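Participant: Could you look at this predicted model? Sequence included:
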Amino acid sequence: MQKINSKDDSGKKTYGVSMWPDWDGTMAMYVKSMASAYYGYDELGVGLYDPKTGEYHDALEENGPYMEMLKFFNQMYREGLVDPDSMTQTYDQMTEKVQNGGVLFSIFNYAGSLGFNSTEHLKDGQYMYTMKPEDASPIVYGLNPQGGNYVTSIGANTEYPELCMEILDYFCTPEGRMVMSYGPKGECWDYDDNNNVYFTKLGKECYTNGKTKMKNHKGTFQDGQMQMAVSTWATDSVNPDSNGDTYNADNWKTDTEGKKYAIEKDWMKKTGSDNLNDYLEKGKYTVAPGTSYTASNKSEDLKAVWKQVSTAICNGSWNAIYANSDSEFDKIVSEMIKSVDGYGYDKCLDWSKKEADRRHKLELEVENK
């Protein structure tokens, strides 16, 4: 693909993948997420948890999923397919490259198709959409009737607690949930005569490019978006104000029944699917059952150790991705392991394994009901 399309819209070199370090946590975000996207493992502590079996793979496990994906990205780098700015650039800088067509692959829709699939690209016969390997089994999170493990709270010292509660209540309504994702009703989206949800021209542009300028408001669509990384209604739950549409714009009847561009129809013909959900449901996937599991508190001593271990894993992972040979890669990984062991990796691993056991017991209870 890089040989066929070696330059982006601005004439700069294209790369297979463009990453960023802003969102790294205990592990390098892109590395551990690749294991989730391909094998269905879920991040837990200092490693990856298998919802199918309850098996736990720590990040430093030899030939384990994290190390496998670390090697995968190193091989991509040595083939000239990793954006060399990945270790130092911001999320916004990466997004700009995606929008210009400088990135050919992403495991996240927000770092791929949602940024690239502008009206201009679609008109030009360019489309970035999901193609899943046959042996891949991406993770799917089951809905928990008790809610998720995110907590939205109102500060004890806030001046207007009632107003805060009204705002939270609004986002729990169907209209509020729509506004949360797609902007103001009537300006970015609305219902037609049959109560089907549809995008306005401006709304569609905002959906594909968050930096679209708003007409009746200052700044861009992105400037006005809610910045809390939470939602209320699940994306694929039915919007009761509509004629059976969900909160997922990819599946709105007005969008799926009236495809405008030949490149979209080409994907539908190739996959035999009407939309992304339909396509992914036909293949393998791994379900993580929804339970009441939330991570246990860490002691202050463990928090201090955890911070040192996390920093060492992330720094070592990035250095390993940029290794120029197998021997250099192995040396960097060996030094990373030695470093985290010295910080107290065993304490982090012990906590993580206990959490994995507790989570697995809760999942078995749900499955056996």
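Facilitator: Now that the structure is in, tell me what you want to look at. Numbers count the residues shown, from 1 in each chain.

Participant: Mind picking out the helix or strand in this protein with the poorest mean pLDDT?
Facilitator: One helix or strand of the chain scores below all others by mean pLDDT, DSSP states H and E: helix 253-256, with a mean of 75.

Participant: so where's the protein shaky on pLDDT?
Facilitator: The chain contains residues with pLDDT under 70 at 145-149, 255-259.

Participant: The least confident helix or strand of the chain: what's the following helix or strand?
Facilitator: Going down the chain from helix 253-256, the next helix or strand is helix 262-271, by DSSP states H and E.

Participant: next one: that next one to chain centre, how far?
Facilitator: Taking Cα atoms, centre = their mean, to the nearest Å, one finds the center of helix 262-271 at 24 Å from the center of the full chain.

Participant: Equivalent analysis for stretch 283-300, please.
Facilitator: Between the centre of stretch 283-300 and the centre of its host chain there is 16 Å, according to Cα atoms, centre = their mean.

Participant: wait, what's in contact with the most centrally placed residue in the chain?
Facilitator: The C-alpha lying nearest the average C-alpha coordinate of the chain belongs to Phe108 (Cα atoms, centre = their mean; 4.7 Å). By Cβ atoms under 8 Å, 6 or more residues apart in numbering, Phe108 lies in contact with Ser33. For the C-beta atoms, the positions are set from N, CA and C on the backbone; glycine is no exception.

Participant: could you pull out the helices for the stretch 201-350 of the chain?
Facilitator: Along the stretch 201-350 of the chain, counting by DSSP state H, counting those that start in this stretch, helices occupy 201-208, 221-224, 253-256, 262-271, 276-281, 300-321, 326-343, 345-367.

Participant: Of all the ones you listed, which one comes closest to Thr291?
Facilitator: Among the helices of the stretch 201-350 of the chain, helix 345-367 comes nearest to Thr291, with 4.0 Å by Cβ to Cβ.

Participant: nearest spatial neighbour of Tyr41, skipping sequence neighbours?
Facilitator: Setting aside the residues directly before and after it, Tyr41 is nearest to Leu48 in space (Cβ to Cβ, 6 or more residues apart in numbering), at 3.8 Å.

Participant: would you list every one of the strands in the stretch 51-200 of the chain?
Facilitator: 56-58, 139-141, 189-191, 197-199 (DSSP state E, counting those that start in this stretch).

Participant: possible to save those strands as a markdown table with mean neighbour count and distance to Met67?
Facilitator: What follows is the strands of the stretch 51-200 of the chain, written out as a markdown table (neighbours: other Cβ atoms under 10 Å; distance: least, Cβ to Cβ, whole Å):
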| stretch | mean neighbour count | distance to Met67 |
| --- | --- | --- |
| strand 56-58 | 21 | 9 |
| strand 139-141 | 16 | 19 |
| strand 189-191 | 19 | 44 |
| strand 197-199 | 20 | 43 |
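
Participant: Output the ones you listed as TSV; include the columns distance to Asp124.
Facilitator: Output for those, formatted as TSV (distance: least, Cβ to Cβ, whole Å):
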stretch	distance to Asp124
strand 56-58	43
strand 139-141	33
strand 189-191	25
strand 197-199	20
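
Participant: can you tell me which of those comes nearest to Gly272?
Facilitator: The closest of the strands of the stretch 51-200 of the chain to Gly272 is strand 139-141. By Cβ to Cβ, the value is 20.4 Å.

Participant: who does that closest one pair up with?
Facilitator: Using DSSP bridges, the strands paired with strand 139-141 are strand 286-288 (parallel).

Participant: residues contacting Asn144?
Facilitator: By Cβ under 8 Å, 6+ apart, Asn144 lies in contact with 290-292.

Participant: for Val197, that is, sorry about that
Facilitator: Contacts of Val197 (Cβ under 8 Å, 6+ apart): 178, 189-191, 239, 242, 245, 249, 252, 254.

Participant: Buried subset of these, written for PyMOL?
Facilitator: Buried residues within the contacts of Val197, by 16 or more other Cβ atoms under 10 Å, are selected in PyMOL with:
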select buried, resi 178+189+191+239+242+245+249+252+254
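
Participant: nearest to Asp85, of the contacts of Val197?
Facilitator: Ala249 (30.7 Å).

Participant: Apart from its neighbours in sequence, what residue is nearest the closest one?
Facilitator: Tyr207 (6.2 Å).

Participant: In contact with that neighbour, which residues?
Facilitator: Tyr207 sits next to 114, 182, 188, 199, 249 when contact means Cβ under 8 Å, 6+ apart.

Participant: do that again at 7 Å, thanks
Facilitator: By Cβ atoms under 7 Å, 6 or more residues apart in numbering, the contact set of Tyr207 is 182, 199, 249.

Participant: ok, now how distant is it from Gly101?
Facilitator: Distance of Tyr207 to Gly101, computed by Cβ to Cβ, to the nearest Å: 18 Å.

Participant: again with Ala37
Facilitator: Distance, Ala37 to Gly101, using Cβ to Cβ: 22 Å.

Participant: same question, Glu62
Facilitator: Counting by Cβ to Cβ, the gap from Glu62 to Gly101 is 38 Å.

Participant: neighbour count winner among these two?
Facilitator: Gly101 (21 against 7; other Cβ atoms under 10 Å).

Participant: Look up the closest residue to the more buried one, ignoring the ones flanking it.
Facilitator: Leaving out its chain neighbours, the residue that sits closest to Gly101 by Cβ to Cβ, 6+ apart is Asp8, at 4.4 Å.
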